[in-house]
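Peer 1: model this:
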Amino acid sequence: MSTPEFSTAGAPQRALLVGSSGGHLTQLLALEPWWHQIEHGWVTFDTPDAMHALRDEEHVWWAHHPTTRNLPNLVRNGRLARRVVAGFRPTIVVSTGAAVALPFFVAARQRGIRTVYVEVYDRIDTPTLTGRLCRPVADLMLVQWPEQVPLYDDALPIGPLL
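Peer 2: Below is the predicted model of the structure:
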């Protein structure tokens, strides 16, 4: 399958793309046919691959990591999320996970900003922890495989991004 087509009709004016570095960021970068047409910003980790991939981007914020079971960094990322969402004022927040997504979805939800979660392509049989945590605050849940549809209420399959 190829990258899905994204309509620009009624498109948001400003997107905040949030994801861990590595594969999560790669999947967000694969949405380029959609996000390149609008103002956008990035939240990820300051790893060499992410810094290289986003070197020409105007709006980039570096999240605190590690995030797995790290309460202090969850709190730090919560503060970062409130600051970035208030200052950048996205009209939509899109994430492929992982844990860095949750504070940004909560901050967006508190401001009435739409959120879209794209479940990763490599978890087909069980939902990810981040997917389960973000689903209650996500306006739209997208999955990349038909087998993932039953894992989440009202998930929409979009096909693999990579």
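Peer 1: in this protein, what residue spans correspond to helices?
Peer 2: Secondary structure of the chain (DSSP state H): helices at 23-29, 32-35, 48-53, 71-88, 101-110, 129-134.
Peer 1: check which helices and strands the last one sits against.
Peer 2: To tie it back to what came earlier, the one meant is helix 129-134. For helix 129-134, the packing partners by 3 or more CB pairs under 8 Å, 6 or more residues apart in numbering; DSSP states H and E come out as strand 92-97, helix 101-110, strand 114-118. Every C-beta, even on glycine, is put in place using the N, C-alpha and C of the backbone.
Peer 1: could I get these as TSV with mean neighbour count, mean pLDDT and distance to residue 126?
Peer 2: Listed next are the helices and strands packed on helix 129-134 as TSV, based on neighbours: other CB atoms under 10 Å; pLDDT from 0 to 100; distance: least, CB to CB, whole Å:
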stretch	mean neighbour count	mean pLDDT	distance to residue 126
strand 92-97	27	97	14
helix 101-110	24	97	18
strand 114-118	23	98	16
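Peer 1: quick one: these as JSON lines, columns for distance to residue 45 too.
Peer 2: Formatted as JSON lines, the helices and strands packed on helix 129-134 follow (distance: least, CB to CB, whole Å):
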{"stretch": "strand 92-97", "distance to residue 45": "12"}
{"stretch": "helix 101-110", "distance to residue 45": "12"}
{"stretch": "strand 114-118", "distance to residue 45": "18"}
